[in-house]
Every structure is written in C-alpha cells, then in structure tokens.
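Visitor: heads up, no residue letters with this:
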C-alpha cells in the first residue's frame, strides 16, 4: 500500500480526517 | 501589564505564520521545484542558497511560536495540556504544536543537515535522511490541519456545544 504522505492530496486528506477524529475526541473530553 | 497577552498573541501569530508558511513552502513548492531543478541541473541554487535560509527561519519560528503560545496560556498552561474542561480545545492545539516542534528539531533539522551536506554523511545515510525528513515534514503538514482548527476554535466554542 502506498503511503498517503507521499502525495500532497494524500497529506491533505490525512489532515482533514485527523481534524474530524480529534474534534470528536476533544468533544468527548469536554463532555459536550 | 495588561497589554502582555496581546503582545504574546501578536508574536504567536507572526511566528506561527512564518513557521507554517515555510512548512507549506517546503511541501507545496520546494519538493516539486527541486525535482524539476534536478532535471535541468539547477538544483544547487535551491539546496545551497534557498533551503538553508528557509530552514533557519523555519526552525527558530517554531521555537518562538511555542514559547509565545506557552506565554499566552500563562497560568492555564497545565489546564490546557491536561485537557481540563473547555481548555481541552486549546490543549489539543498545544499538544499538536508541541509534537510538531519536536518533529522539527529531532527529525527534520538533523536529517536536513545531512541532506544539505552541512554534516558529513554517506550517500546511503543521505538517502535515508532525505526520506525521514520528507515524511516527517509531510506529517507536520497533516498535523497542521487540526492544529489550526483547534487554535482558531478557541473563540468559537459553539462548534463544540452545537449551539
């Protein structure tokens, strides 16, 4: 499997997905 | 003394723009430019005159960004890093920034020194260093997305409460 960080678009997608995941992590940490 | 947080925030923005701006320059411009320059034999111009200067501002802007961010958190520094209450939002940004700073100084800069010939390295070591620096730099680009979201979300907490 190709490393997504090898392409710019792959990197952007990883960044956006990570943002969504961490958003829910922080939301649950806050009990919101 | 009440102007100190504003000054810290101003410095944090200035240094942060320089840090992330240069990170995006490396990843969105220089990587592709170097490949094209290698093809027509002009890569030395970038690797000798541009990259070392850009890396100088890049790594020190990272330090100034982190220190001014820590100054901004002030007495709430531990609340942020321990994700206490609503400080979890800025805390996530602070953790991401800290990881990215470590990436710059522990992985990117030492490996770039080998790639640029600032320290002695065999061809094999240079190739390995190039790959590590590239991947960690790309990782920092990916981490900058949530970093900027959480840094910017502070004054807009409704996004976390659905209100």
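Guide: Good, I have the coordinates. These numbers come from a predicted model, not from an experiment.
Visitor: what's the helix or strand for the residue in chain B that chain A sits nearest to?
Guide: Of all residues in chain B, residue B:145 sits closest to chain A, at 3.1 Å by Cβ to the nearest Cβ. Quick note: C-beta positions are derived from backbone N, CA and C, even for glycine. Assigned by DSSP states H and E, residue B:145 belongs to helix B:123-153.
Visitor: what helices and strands are in contact with that helix?
Guide: With contacts defined as 3 or more Cβ pairs under 8 Å, 6 or more residues apart in numbering or on different chains; DSSP states H and E, helix B:123-153 has these neighbours: helix A:8-30, helix B:4-24, helix B:87-102, helix B:109-115.
Visitor: point out where chain B drops to low pLDDT.
Guide: Within chain B, the stretches with pLDDT under 70 are B:1, B:154-156, B:158, B:162-163.
Visitor: tell me which parts of it are close to chain A?
Guide: Residues of chain B lying close to chain A by Cβ under 8 Å from any Cβ of the partner chain are B:27-28, B:83, B:85-86, B:88-89, B:92, B:135, B:138-139, B:141-146, B:149-150, B:160-162.
Visitor: hang on, the earlier thing: next, format the helices and strands packed on helix B:123-153 as JSON lines and append mean neighbour count and distance to residue B:123.
Guide: Listed next are the helices and strands packed on helix B:123-153 as JSON lines, based on neighbours: other Cβ atoms under 10 Å in any protein chain shown; distance: least, Cβ to Cβ, whole Å:
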{"stretch": "helix A:8-30", "mean neighbour count": "16", "distance to residue B:123": "27"}
{"stretch": "helix B:4-24", "mean neighbour count": "16", "distance to residue B:123": "27"}
{"stretch": "helix B:87-102", "mean neighbour count": "21", "distance to residue B:123": "28"}
{"stretch": "helix B:109-115", "mean neighbour count": "20", "distance to residue B:123": "10"}
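Visitor: buried ones in the helix holding residue B:145?
Guide: Applying a neighbour-count criterion of 16 or more other Cβ atoms under 10 Å in any protein chain shown, one finds B:129, B:132-151, B:153 buried in helix B:123-153.
Visitor: before we move on, the earlier item: dump the helices and strands packed on helix B:123-153 into CSV; add distance to residue B:62 as well.
Guide: Listed next are these as CSV, based on distance: least, Cβ to Cβ, whole Å:
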stretch, distance to residue B:62
helix A:8-30, 18
helix B:4-24, 5
helix B:87-102, 5
helix B:109-115, 9
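Visitor: around chain B, pick out the residues from chain A.
Guide: So far as Cβ under 8 Å from any Cβ goes, chain A lies against chain B at A:3, A:5-6, A:8, A:11-12, A:14-16, A:18-19, A:22-23, A:25-27, A:29-30, A:32.
Visitor: repeat that with 10 Å
Guide: Neighbours of chain B within chain A, by Cβ under 10 Å from any Cβ of the partner chain: A:3-8, A:10-23, A:25-32.
Visitor: what sits closest to the residue in chain A that chain B sits nearest to if chain neighbours are left out?
Guide: Residue nearest to chain B within chain A (Cβ to the nearest Cβ): residue A:15, separated by 3.1 Å. Nearest non-adjacent residue to residue A:15, counting by Cβ to Cβ, 6 or more residues apart in numbering or on different chains: residue B:145, 3.1 Å away.
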